[in-house]
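**Student:** Sequence first, predicted coordinates after that:
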Amino acid sequence: MLSPESAATVRATLPVIGGALEDITGRFYGSMFTDHPELLRDLFNRGNQANGEQRGALAGSIAAFATLLVERPDDRPDAMLARIANKHASLGVTAEQYEVVHKYLFAAIAEVLGDAVTPEVARAWDEVYWLMANALIALEADLRRDSGESWLRATVVERRRQTADAVSFTLRPPIPLSFRPGQYVSVAVTLPDGARQIRQYSLSCAPSHGDWRITVKRVRGGDTPDGEVSNWLHENVQAGDVLTISAPFGDLVLPEGDTPLLLASAGIGGTPILSMVEHLAATGSTRRVTVVHADRAPDDHAHREELERLVADLPGATLHLWYEQAGGCSCRPEPNIGQVDLADVELPDGLSAYLCGPLPFMRAVRSELLRRGVPASDIHYEVFGPDLWLGQD
Ligand SMILES: Cc1cc2nc3c(=O)[nH]c(=O)nc-3n(C[C@H](O)[C@H](O)[C@H](O)COP(=O)(O)OP(=O)(O)OC[C@H]3O[C@@H](n4cnc5c(N)ncnc54)[C@H](O)[C@@H]3O)c2cc1C
Ligand code: HEM
């Protein structure tokens, strides 16, 4: 909770700080990476820095946190904090690095806003930063304690082509570690120029296997460079190799109990959903589950037959498929052609929805669910990139 003096100052300065966020963010990352090039090379995603995608996430979430502190001081944005803490824990962010971020962020704020940053304003925003940072540091320490910490060396026991662009790697962790369906691991690779780049990949199988599996879609460039890590994994990793990965993290997980579920994915976003569906099948679940998947074409749908088989094994589950082009498909059930449209899909009362896919897909599904009376708090999602939806509900 903010002190009353700081709350008043933060409320009064939110519009000016919010309005200058882009400028503040640019300067913050610019000077931090000039002084600490290792952070850009070995920790942050340099592709996201180059295309600007990640840049707004950090400062934007602090502004969202500040807004909540002054508007609804009794609420704690647990969901937002958990999402960030899981990502940080999987990346190995340390408590000491919060001092580094603080230094460059506050220098950028002072530079952009000049005289407007009186000692009183600086103090109030400092309080916001450390309230958030300390909450994250505590959550990250808990997560790391639960997972047994640090990077693991996992052996690739199988590499399998799933579609023209997607390959799965079955990984044997060095120690038995469980995960919850829907979680991901970070994979750290050393690229030819010596940079260590880290990306997240959802576990695409049920925990009961013991071995883990990730399914990686290669990101093809076009006007922009090819994705660095996905292409590197496709081109370099074979059975018998060892990969450096984190323990499993992530807050979008299959809820226990018997609440009806809507599991909706598009494209490579099917990976965490597949883990959930396989877990339900492995545990003989009779829950009502509506599984929805959309893809460009059946041949582009990684693990299509596996998903069809698993849903067929679940007595309470139905599958609905949408393909933009569905020529010559032996899919079961018969797919719909075109973009996903849930208007004719029967939805049970009281469902919890789990969405994963590109933002336009998730927006369309979410809007339809809200229109049909599903409360926003029952709609959960995973973004395969910087989560710029954080704090927007
Ligand atoms: C929780 C989570 C789970 C995920 N699960 C999966 C999964 O199961 N399977 C999967 O395949 N992916 C998954 N992802 C996505 C994955 O982490 C990577 O983001 C993805 O593989 C792309 O990484 P990359 O290194 O290949 O591309 P990057 O190098 O990160 O490139 C990303 C984009 O930036 C563009 N870019 C790069 N440099 C520039 C530049 N200089 N100028 C302009 N644009 C540029 C690239 O063209 C590309 O479009 C997940 C992500 C998250 C956060
Ligand atoms: C209060 C301080 C901080 C806040 C509010 C914050 C916020 C965020 C947010 C919102 C994201 C995106 C999460 C997602 O996409 O799901 C993120 C990602 C990330 N954060 Fe933080 N963060 C903070 C401190 C730090 C520190 C100290 C470091 C380490 C120097 C760090 C490193 C990262 C990295 C590497 C990512 C992933 C981005 C990428 O690879 O592109 N953050 N953070």
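**Tutor:** Noted; the coordinates are in hand. Ligands and ions are numbered 1, 2, ... in the order given.
**Student:** Could you find the closest non-adjacent residue to the residue of the stretch 201-350 of the chain found nearest ligand 1?
**Tutor:** Nearest residue of the stretch 201-350 of the chain to ligand 1, counting by Cβ to the nearest ligand atom: Gly227, 2.2 Å away. C-beta: built from backbone N, CA, C; applies to glycine. Distances taken as Cβ to Cβ, 6 or more residues apart in numbering place Val219 nearest to Gly227, at 2.8 Å, with adjacent residues excluded.
**Student:** I'd assumed Asp226 was in contact with that neighbour.
**Tutor:** Yes - in this structure, Val219 is within contact of Asp226 by Cβ atoms under 8 Å, at 6.6 Å.
**Student:** Please identify the buried residues of stretch 142-158?
**Tutor:** By neighbour count on 16 or more other Cβ atoms under 10 Å, the buried set for stretch 142-158 is Leu143, Arg144, Ser147, Leu152, Ala154, Val156.
**Student:** Now the third one: closest residue in space, sequence neighbours ignored.
**Tutor:** Setting aside the residues directly before and after it, Ser147 is nearest to Ala247 in space (Cβ to Cβ, 6+ apart), at 3.6 Å.
**Student:** try the first one
**Tutor:** The shortest distance from Leu143 to any non-neighbouring residue, by Cβ to Cβ, 6+ apart, is to Ala89 (4.1 Å).
**Student:** if we can go back for a sec, next, check the buried residues of stretch 142-158 against the helices and list the overlap.
**Tutor:** Judged by DSSP state H, helices contain the following of the buried residues of stretch 142-158: Leu143, Arg144, Ser147.
**Student:** show me the residues around the first one that make contact.
**Tutor:** Neighbouring residues of Leu143 by Cβ atoms under 8 Å, 6 or more residues apart in numbering: Ala85, Asn86, Ala89, Phe249.
**Student:** about what we covered before: let me have the buried residues of stretch 142-158 in a markdown table, extended by pLDDT.
**Tutor:** Below are the buried residues of stretch 142-158 laid out as a markdown table (pLDDT from 0 to 100):
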| residue | pLDDT |
| --- | --- |
| Leu143 | 94 |
| Arg144 | 92 |
| Ser147 | 78 |
| Leu152 | 95 |
| Ala154 | 97 |
| Val156 | 98 |
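**Student:** Among the residues you listed, which one lies nearest to Arg371?
**Tutor:** Using Cβ to Cβ, Leu143 comes nearest to Arg371 of those, at 35.6 Å.
**Student:** between Val219 and Asp226, who's got more neighbours?
**Tutor:** Using other Cβ atoms under 10 Å, the more surrounded residue of Val219 and Asp226 is Val219, with 19 against 14.
**Student:** For the stretch 1-150 of the chain, which segments are assigned as helices?
**Tutor:** Remark: helices assigned in the stretch 1-150 of the chain by DSSP state H, counting those that start in this stretch are 4-19, 21-35, 37-42, 46-51, 55-71, 78-91, 95-113, 119-147.
**Student:** looking at the ones you listed, which is buried most?
**Tutor:** Comparing those by mean neighbour count (mean count of other Cβ atoms under 10 Å), helix 78-91 comes out on top with a mean of 20.
**Student:** Close to ligand 1: what parts of the protein are there?
**Tutor:** 45, 47, 50-51, 184, 199-202, 215-217, 219, 221, 224-225, 227-231, 250, 268, 271, 382, 384-385 (Cβ under 6 Å from any ligand atom).
**Student:** Buried subset of these as a PyMOL selection?
**Tutor:** If you want just the buried ones from these in PyMOL, going by 16+ other Cβ under 10 Å, the selection is:
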select buried, resi 45+47+184+199+200+201+202+215+216+217+219+227+228+229+230+231+250+268+271+382+384
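**Student:** among the residues of the chain next to ligand 1, which are in strands?
**Tutor:** Taking DSSP state E, the ones among the residues of the chain next to ligand 1 that sit in strands are Tyr184, Arg199, Gln200, Tyr201, Ser202, Thr215, Val216, Lys217, Glu382.
**Student:** Hmm, Leu359 and the last one touching each other?
**Tutor:** So that's Glu382. No - Glu382 lies out of contact with Leu359 (Cβ under 8 Å); the separation is 11.4 Å.
**Student:** picking up where we left off before, ok, of the ones in helices among the buried residues of stretch 142-158, which one's closest to ligand 1?
**Tutor:** Looking across those and measuring by Cβ to the nearest ligand atom, the closest to ligand 1 is Leu143, at 14.3 Å.
**Student:** can I assume the residue nearest to Ser147 is in contact with Ser178?
**Tutor:** No - if you go by Cβ under 8 Å, Ala247 and Ser178 don't touch, sitting 9.9 Å apart.
**Student:** So if I had to pick from the two, which one is more boxed in?
**Tutor:** Neighbour count, other Cβ under 10 Å: between Ala247 and Ser178, Ala247 has more, with 23 against 11.
**Student:** and the more buried one, what helix or strand is that in?
**Tutor:** Take DSSP states H and E as the rule and Ala247 turns out to sit in neither a helix nor a strand.
**Student:** Numbering from 573 from now on, please.
**Tutor:** From this message on, residue numbering opens at 573, which makes the last subject Ala819.
**Student:** how close does it sit to Tyr756?
**Tutor:** Separation of Ala819 from Tyr756 (Cβ to Cβ, to the nearest Å): 11 Å.
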